[in-house]
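K.L.:
I'll drop the sequence and a predicted model, then ask my questions.
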Amino acid sequence: MSTETAAAPAPKKPTHNEEIKTAIPTLAGTLAATLADPTTDRFSDDDQQFMKFHGIYQQDDRDLRKTGKKYMFMIRGRIPGGVLNAAGYQVYDNLATQYGNNTLRLTSRQSFQFHGVVKSGLGPLMKKINEAMMDTLAACGDVNRNVMAPATPIRNAIGAQVNEDARRVSEALLPKTKAYHSIWVEGVQLNLEDPENKDFVDPLYGKTYLPRKFKTAFAIAPVNDVDILTNDLGFIAIPAADGTLAGYNLTVGGGLGRAHGNTMTYPRLADTIGFLTPDQIIDVAKGVLTVHRDFGDRTDRKHARLKYVLEEKGAAWFRTELESRLGYKLADAKKVEFATQRDPFGWHQQADGRWFLGLFVLTGRIKDDGALRMKSGLRAVVDKFQPEIRLTPQQNIILANISADQKDAVTALLAEYGVAVENQATVVRRASMACPSMPTCGLGLAESERYLPGLIDRIEASLVAVGLKDEEIVIRMTGCPNGCARPYAAELGFVGKGPGRYQVWVGGNEASTRLNRIFKETVKDTEMDAELGALFARWKADRIGNERFGDWAARVVWPEIAASAAAAPAAA
């Protein structure tokens, strides 16, 4: 018998992103030098990776590629909880007009994105954001990103503290590199050979930051407007008997990104780990983040999210590891249930007696378009009435802290710009969401923002045809499988596979606590009406009572999907 032992497999090589973070741990790259260089309109490939940590993506106008690349930039703000005062909104609005494409894009993480910014406008735009005491630091990159929180203004005793805790966590998880201030405020290129810069180690993130992005959110049941279980780190507020905040259930390991054809990538809902008190929140947030830092996969960026650590090592292992870092044990989680994830539209009263107005924004794009001059109308209201602005995770906007005697005037002023307060959109349209995709996102495989409104028209026609007019379906679309508009948590999800071709997913629920499943691997645009029409007809015929589409699909269609998958090997 041979006594030879097999050679140990060679260790996997870290990704290129890990190498450049190690080489330049300040994340400065040569950004300031390139910014000052008038002979180029783009940044190097490595600098494009560093730019993400500063909240910036280099893109090109894909509609113009046949005549040559036109480089431009997307800039994303860091707006914890999506809350802005009137002055902050005015700054964003001004910059979108002056340097962007005269639109403001609401993100699915309660922030604003500028699109269409050219290199000559990048420096001035960034400087003016920071002069207004706002920033874009860590809005992208391998760090904790914009922290989400309930968008609806305070309607109970714990809302204010939850939003303040979200702001505190956002600040506590910021990287400490001085490169951001040096580049975008002072306009100075850091000396990369200076030992202070070359050997910089972030006190929280270390020298190489996280293996991939990290997303954090807060929620208050029964409204799951942040899709809490799709985040790496979640805090679910638990009220005490007297209505104050008792603490939070901790959830860890959610995430939606995947890749077509790669079964090792998949969407995943977070595990509930335990319960913590409000004074423990910063320690716990840092502890969860450092577990990702230390155990995440740095050899394969498609396998680098925290969700894979939880899936492969288990929630019990994670809790033990986290508690060892905290130096104390968490209590067991409390019972909590979610019922819905929808935004409030129209006028609603706050706990303090003032009012807020929820406004639907089609696919999250604030712009002036014909008779609907939403960008100008919102600016007029903000200038005159100075409301607080709240951006929702469903890409809508809320105007808050409006006094009762101002309501009619706000309604009338918006009407002058074609913005309705009542009957803003159909129920299906209000429950829809899309990522930008074409022409700005380099990852887009199919249209999304520009395609979904027309598809909704067709879906509504199909629903009318089968007798289901005014039935709500949560519909979400992305142009690629990365899932920025959270299609895998929708009742009906569309994921781009190529021009005019989409995966169709069904079976999510109203509370956004159940992922959907693939119904059709590829549906062409020309086939979409027939496929969906047949599906809706079956829903009408088979539903039990007022059963929602997602619940019906999980009950009826999922077993068919499973049976088809089981039969596939035999058929092969």
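P.N.:
Received it, and whenever you're ready, just let me know what you need. Source: prediction; values computed, not measured.
K.L.:
make it CA atoms for all contacts and neighbour counts henceforth
P.N.:
Noted.
K.L.:
same for the least confident helix or strand in the chain by mean pLDDT, what does it pack against?
P.N.:
Counting by mean pLDDT, DSSP states H and E, the chain has its least confident helix or strand at helix 558-571, which shows a mean of 84. When contacts are defined as 3 or more C-alpha pairs under 8 Å, 6 or more residues apart in numbering; DSSP states H and E, helix 558-571 packs onto strand 517-524.
K.L.:
Starting from the strand it packs on, tell me which strands it pairs with and how they run.
P.N.:
strand 501-506 (antiparallel) (DSSP bridges).
K.L.:
List the contacts of the strand it pairs with.
P.N.:
With contacts defined as C-alpha atoms under 8 Å, 6 or more residues apart in numbering, strand 501-506 is touched by 446, 487-488, 490-497, 516-525, 550, 553-554.
K.L.:
Now the buried members of those residues.
P.N.:
Among the contacts of strand 501-506, those that count as buried by neighbour count (16 or more other C-alpha atoms under 10 Å) are 446, 487-488, 490-497, 516-519, 522-523, 550, 553-554.
K.L.:
And the helices in the stretch 251-400 of the chain?
P.N.:
Using DSSP state H, counting those that start in this stretch, the helices of the stretch 251-400 of the chain run over 281-295, 306-313, 315-326, 374-385.
K.L.:
Nearest to Tyr205, out of the ones you listed?
P.N.:
Proximity to Tyr205, assessed across those by C-alpha to C-alpha, is greatest for helix 281-295 (7.0 Å).
K.L.:
Give the buried residues for the closest one.
P.N.:
In helix 281-295, counting by 16+ other C-alpha under 10 Å, buried: Ile281, Ile282, Val284, Ala285, Lys286, Gly287, Val288, Leu289, Thr290, Val291, His292, Arg293.
K.L.:
Present those residues as TSV; the columns should include distance to Pro150 and pLDDT.
P.N.:
Output for these, formatted as TSV (distance: C-alpha to C-alpha, whole Å; pLDDT from 0 to 100):
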residue	distance to Pro150	pLDDT
Ile281	17	98
Ile282	19	98
Val284	20	98
Ala285	18	98
Lys286	21	98
Gly287	23	98
Val288	21	98
Leu289	22	98
Thr290	25	98
Val291	26	98
His292	25	98
Arg293	27	98
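K.L.:
Would you mind putting these into TSV with distance to Ala563 alongside?
P.N.:
Below are the buried residues of helix 281-295 laid out as TSV (distance: C-alpha to C-alpha, whole Å):
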residue	distance to Ala563
Ile281	45
Ile282	46
Val284	43
Ala285	42
Lys286	44
Gly287	42
Val288	39
Leu289	40
Thr290	41
Val291	38
His292	37
Arg293	40
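K.L.:
Let me know the closest of those to Thr15.
P.N.:
Closest to Thr15, out of all of the buried residues of helix 281-295 and judged by C-alpha to C-alpha, is Arg293, at 14.8 Å.
K.L.:
measure the closest one to Gly141 for me?
P.N.:
Applying C-alpha to C-alpha, to the nearest Å, the value for Arg293 to Gly141 is 13 Å.
K.L.:
same check, this time on Asp194
P.N.:
In terms of C-alpha to C-alpha, Asp194 sits 24 Å off from Gly141.
K.L.:
of these two, who's got more company?
P.N.:
Higher neighbour count among Asp194 and Gly141: Gly141, with 23 against 10, using other C-alpha atoms under 10 Å.
K.L.:
What does the pLDDT read for the more buried one?
P.N.:
Each residue has a pLDDT score; the one for Gly141 is 97.
K.L.:
Likewise for Pro153?
P.N.:
77.
K.L.:
Test my guess that it contacts Gln350.
P.N.:
Yes. Contact status for Pro153 versus Gln350: in contact at 6.4 Å, counting by C-alpha atoms under 8 Å.
K.L.:
Neighbour count for the two, which is higher?
P.N.:
Neighbours per residue (other C-alpha under 10 Å) separate Pro153 from Gln350, with Pro153 holding more: 26 against 17.
K.L.:
pretty sure the more buried one is in a helix, no?
P.N.:
No. Assigned with DSSP: H, G, I helix; E, B strand; the rest coil, Pro153 falls outside any helix and is coil.
K.L.:
contacting residues around it?
P.N.:
Contacts of Pro153 by C-alpha under 8 Å, 6+ apart are Gly159, Gln350, Phe356, Ala400.
K.L.:
got the angle for the least confident helix or strand of the chain vs strand 501-506?
P.N.:
On the basis of axes from the mean of the first three to the mean of the last three C-alpha atoms, to 10 degrees, helix 558-571 is oriented at 120 degrees to strand 501-506.
K.L.:
Overlap of the contact sets of Pro153 and Gln350?
P.N.:
Phe356.
K.L.:
What are the phi and psi values at Ile75?
P.N.:
Main-chain dihedrals, Ile75, degrees, to the nearest 10: phi -120, psi 130.
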